[in-house]
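S.K.: Below are the sequence and a predicted model; questions follow.
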Amino acid sequence: MKCLTKLLLLITLTAIPHSQSALDQVITFFLQKYPYVKAPSNGVDELHKFSKKVQQPSYFSGEIVQAHKRQSGVPGVMCMYAGHVALSDSNGQIIFPRRHTQTPKTHFLITKGIKAAYMIAPGTVHNWMIDPKHDSKMYMVQLKQDKTLYYFETSQIDVPKDNNIPLNTIIIITDPENILIPTGATFTDYSPNLTLPPVYVKKEFCFVYNSFYTLAVKQYFEQTASSWQLEALTVSMISQPNG
């Protein structure tokens with residue numbers, strides 16, 4: 001009977017939905033190709049040429065494939081955030097564990113270079129700073145609410161005067177002219193996981209510079225490793241008086 005009671009209790013506890021802990025929350029966004037648009041032609045010959053293609057079924061399938069390629073994400077872009085380095089996958093998605101849960105603000109920093117402020121040079125980094133030798137752009141993405149509607153408000157802001165990079169900043173190493181982050185409102189659903197608006201990558205983006213520079217600072221830009229050691233004495237044994 002006791003075993004049956006314990007089994008029922010275990011089933012009940014596992015059936016209760018648990019809230020997502022801060023360690024499980026993620027912050028993600030998609031890197032997409034910059035939407036280049038060709039100037040339309042006003043010639044009548046072009047109109048007849050297009051009408052002839054429409055009559056061919058293969059034209060539609062070819063256009064669908066090309067449209068899919070145009071809408072695909074940008075893989076192979078390295079980004080940094082809160083001591084983590086991530087590489088965009090085949091869909092252009094970047095995923096980080098969310099480390100700033102107390103504030104709805106997230107920053108994007110697009111720059112060709114950052115520098116370290118050392119606590120103990122050259123091994124212990126206190127924080128990262130914007131290198132004033134390089135052009136930089138910073139954006140703020142803030143989660144807002146209007147009654148039951150949630151949305152992200154994106155705006156371009158000035159870089160910090162002291163050049164210190166806020167901890168809630170996603171860093172992309174590249175020329176700022178190679179990245180487009182649209183400003184304004186973007187609708188979203190409320191979730192502990194932040195799905196930020198998409199970031200657009202232009203064809204001038206240099207993957208080699210982005211990768212090599214990010215890998216060069218990766219040895220410093222990572223989480224502190226934690227370790228535990230079991231002690232022989234427990235708290236109850238320590239609190240007991242000598243007798």
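M.R.: Ah, there it is.

S.K.: And the strands in the protein, which stretches?
M.R.: For the chain, applying DSSP state E gives strands covering 26-33, 78-81, 84-87, 93-97, 105-111, 114-120, 124-130, 136-146, 149-157, 169-173, 179-180, 184-188, 194-195, 199-201.

S.K.: Can I get those in TSV including mean pLDDT and distance to Phe212?
M.R.: All C-beta spots, glycine's among them, are computed from the backbone N, C-alpha and C. Output for the strands of the chain, formatted as TSV (pLDDT from 0 to 100; distance: least, C-beta to C-beta, whole Å):
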stretch	mean pLDDT	distance to Phe212
strand 26-33	95	18
strand 78-81	94	10
strand 84-87	92	13
strand 93-97	95	19
strand 105-111	96	15
strand 114-120	77	14
strand 124-130	77	18
strand 136-146	95	19
strand 149-157	95	27
strand 169-173	96	9
strand 179-180	96	18
strand 184-188	93	32
strand 194-195	92	29
strand 199-201	97	17
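
S.K.: Tell me which of these sits nearest to Thr214.
M.R.: strand 78-81 (4.1 Å; C-beta to C-beta).

S.K.: which helices and strands does that closest one pack with?
M.R.: Using 3 or more C-beta pairs under 8 Å, 6 or more residues apart in numbering; DSSP states H and E, the elements in contact with strand 78-81 are strand 84-87, strand 93-97, strand 169-173, helix 207-218.

S.K.: In a markdown table, list the strands of the chain along with distance to Asn163.
M.R.: Output for the strands of the chain, formatted as a markdown table (distance: least, C-beta to C-beta, whole Å):
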| stretch | distance to Asn163 |
| --- | --- |
| strand 26-33 | 24 |
| strand 78-81 | 16 |
| strand 84-87 | 21 |
| strand 93-97 | 23 |
| strand 105-111 | 10 |
| strand 114-120 | 8 |
| strand 124-130 | 4 |
| strand 136-146 | 9 |
| strand 149-157 | 14 |
| strand 169-173 | 12 |
| strand 179-180 | 20 |
| strand 184-188 | 27 |
| strand 194-195 | 25 |
| strand 199-201 | 23 |
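
S.K.: closest to Tyr213 out of those?
M.R.: strand 169-173 (4.7 Å).

S.K.: Report all helices and strands that the closest one contacts.
M.R.: Using 3+ C-beta pairs under 8 Å, 6+ apart: strand 169-173 touches strand 78-81, strand 105-111, helix 207-218.

S.K.: Buried deepest among these, which one?
M.R.: strand 78-81 (a mean of 22; mean count of other C-beta atoms under 10 Å).

S.K.: Would you mind writing the CA trace of that one as PDB?
M.R.: Extracted as PDB, the C-alpha positions of strand 78-81 are listed here (Å, rounded to 0.1, in the frame of the first residue of the first chain):
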ATOM      1  CA  MET A  78      30.100  34.400 -35.000                       C
ATOM      2  CA  CYS A  79      28.500  36.500 -32.200                       C
ATOM      3  CA  MET A  80      29.400  37.100 -28.500                       C
ATOM      4  CA  TYR A  81      27.200  37.600 -25.500                       C
END
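
S.K.: Give me the sheet partners of that strand and which way each runs.
M.R.: strand 84-87 (antiparallel), strand 169-173 (antiparallel) (DSSP bridges).

S.K.: Can you point out the buried residues in the shortest one?
M.R.: In this case it means strand 84-87. By neighbour count on 16 or more other C-beta atoms under 10 Å, the buried set for strand 84-87 is His84, Val85, Ala86.

S.K.: swap in stretch 174-187?
M.R.: By neighbour count on 16+ other C-beta under 10 Å, the buried set for stretch 174-187 is Thr174, Asp175, Pro176, Asn178, Ile179, Leu180, Ile181.
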